[in-house]
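> I'll drop the sequence and a predicted model, then ask my questions.
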Amino acid sequence: MKALVALILLVQLPIHKAVPAAPPAPLGCDDPESVAAAEVAVNYINGHSHHGYKFALNIIKDIHVVHQGPNNDLIFLELDLLETRCPILSPTPLENCTVRSFAEHAVEGDCDVKLQKVDGTLSVLASKCHSHADSSEDIRKVCPGCALLASLNNTEVLETVSAALNDYNSKTTDSYLRLLEIGRAKIQYHPVHSVVTEFAVGATNCSAEEAKANAGACQLLPEDQSNFGFCTAVMVKHPSQDLQVDCQLYGHQVPAPHTPLLSWRQDTSAGLVPSAVGFINHNLGLSHNNPAASESSSSEILRSMLSAKSVTKRAVADAAQHDKVPRPVGFVPPPPPCPGKILHFDI
């Protein structure tokens, strides 16, 4: 009888349904996790870029996280980068590279990057970037007298680079240097007509003296001896004439698996790759898939990014439904989680 009563009472007990937990709040662009992912992405981008200069993070524009399972997330980033003064072949760590100022005619890079985070370890699956120089009009507003970037195949630019390299090779007692590519150039007409150029060079298997007989026979040093460097040259054309050249060789560098060093072994005797002809800057133009990734093409990044945005919007809406805490009078809501803060300046 007692057992029957106990059973009846048990049946009559109210059943409490489990309340689903609120979804995690979306990750903000300035959160430590976002910054860590952006750092991995920027290092990946620089590591797979073959021309021009290294880029530094300026703004995390957006971030979306798609949970794949326990300790397994896909992360989609939209990044704004800025060109630094470090050539892509420079061994200088990115944190020691100076971002070019706005008045130097800055170059901005826009990148979409897909990463995966498994058990706390981040890896890049794919990236897609392009870059562009700031408009001449914007530079003129801030610095009316500043020189502007010139086309990399401008006649005066090519003339200056050729004269500078010949001048250096005629005076050095070391290896004959060969032009790899022109990095950037600026021309100023007033009050002094001058041309400023920056260009990458490589040491060859000839001494400067040997090259006088047949410079065309001089080849870049083999991979296990390679020695690349960078030169700056200023040619004053009016009212007086002057040429100043400064070259720095980096010494032999042991290439990493993804290093761009081997890409310089094409014939760049003109100092220009086809993609640079007629342009004022090397386009970051990076579209790269990690061989370990399952994506069939970089266009998958864009489709995945759109999908991630829709998932995140639903998560935000769900989180808002759970946030019913009344706000006190005078409450100022926190800033939106994205975009993040500007680390250098906005273009």
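Right, received. Where do you want to start?
> could you list the low-pLDDT ranges of the stretch 1-150 of the chain?
Along the stretch 1-150 of the chain, segments meeting pLDDT under 70 span 1-25.
> what are the ranges of the helices in it?
Applying DSSP state H, counting those that start in this stretch to the stretch 1-150 of the chain gives helices spanning 2-12, 32-48, 136-142.
> just the buried positions in the last one, please.
When you say that, I think you mean helix 136-142. residue 139 (16 or more other CB atoms under 10 Å). To be clear about C-beta, it is placed using only N, CA and C from the backbone, and glycine gets the same treatment.
> likewise for the second one?
Of the residues in helix 32-48, 34, 37-38, 40-42, 44-48 count as buried by neighbour count, 16+ other CB under 10 Å.
> pick the one among those residues closest to residue 109.
Comparing those against residue 109 with CB to CB places residue 45 closest, at 7.8 Å.
> quick one, what contacts the closest one?
Residues counted as contacts of residue 45 (CB atoms under 8 Å, 6 or more residues apart in numbering) are 55, 81, 109, 111, 113, 127, 129, 284, 286.
> which helix or strand contains the residue lying closest to residue 51 once chain neighbours are set aside?
Leaving aside its sequence neighbours, residue 51 sits nearest to residue 282 (CB to CB, 6 or more residues apart in numbering; 4.4 Å). Element membership of residue 282, judged by DSSP states H and E, is empty: it is in no helix or strand.
> residue 282 against residue 54, yeah?
No. Checked against CB atoms under 8 Å, the pair residue 282 and residue 54 is beyond contact range at 11.6 Å.
> out of the contacts of residue 45, who has the most neighbours?
residue 55 (29 neighbours; other CB atoms under 10 Å).
> which residues does it bridge with?
residue 83 (DSSP bridges).
> from memory it sits against residue 84, does it?
Yes. Using CB under 8 Å as the test, residue 55 is close enough to residue 84 to be in contact (6.6 Å).
> what pLDDT does residue 290 get?
Looking at residue 290, its pLDDT is 73.
> and the closest residue to it other than its chain neighbours, how many neighbours?
Closest residue to residue 290 in three dimensions, ignoring its sequence neighbours and counting by CB to CB, 6+ apart: residue 125, at 5.2 Å. Counted with other CB under 10 Å, residues neighbouring residue 125 total 22.
> now residue 125: how far from residue 68?
When distance is defined by CB to CB, to the nearest Å, residue 125 is 12 Å away from residue 68.
> distance of the nearest residue to residue 280 once chain neighbours are set aside relative to residue 114?
Residue nearest to residue 280 in three dimensions, not counting chain neighbours: residue 149, with 4.0 Å by CB to CB, 6+ apart. Using CB to CB, residue 149 is found at 31 Å from residue 114.
> neighbour-wise, which of those two wins?
residue 114 (26 against 21).
> from residue 32, how far off is the more buried one?
20 Å.
> SS state for residue 158?
Judged by DSSP: H, G, I helix; E, B strand; the rest coil, the three-state class of residue 158 is helix.
> compute the number of surrounding residues for it.
Burial of residue 158 is recorded as 19 neighbouring residues (other CB under 10 Å).
> same question for the one 5 residues further on.
The burial count assigned to residue 163 is 16, neighbours taken as other CB under 10 Å.
> can you give me the pLDDT of the nearest residue to it once chain neighbours are set aside?
Using CB to CB, 6+ apart and skipping residues adjacent in sequence, the residue nearest residue 163 is residue 243, 6.0 Å away. Note for residue 243: predicted pLDDT of 96.
> I'd guessed residue 243 sits against residue 233; true?
Yes. With contact defined as CB under 8 Å, residue 243 and residue 233 form a contacting pair (6.9 Å).
> where does the stretch 151-300 of the chain dip in pLDDT?
For the stretch 151-300 of the chain, applying pLDDT under 70 flags the ranges 255-278, 286, 288, 291-300.
> quick one: the helices in it, in order.
Remark: helices assigned in the stretch 151-300 of the chain by DSSP H, counting those that start in this stretch are 155-171, 208-214, 299-322.
> quick one: the strands in this structure?
Taking DSSP state E as the criterion, the chain carries its strands at 53-69, 72-87, 107-118, 121-133, 148-149, 175-188, 193-207, 228-238, 242-249, 287-289.
> turn those strands into CSV, columns for distance to residue 98.
Below are those laid out as CSV (distance: least, CB to CB, whole Å):
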stretch, distance to residue 98
strand 53-69, 9
strand 72-87, 5
strand 107-118, 14
strand 121-133, 17
strand 148-149, 17
strand 175-188, 14
strand 193-207, 14
strand 228-238, 14
strand 242-249, 15
strand 287-289, 26
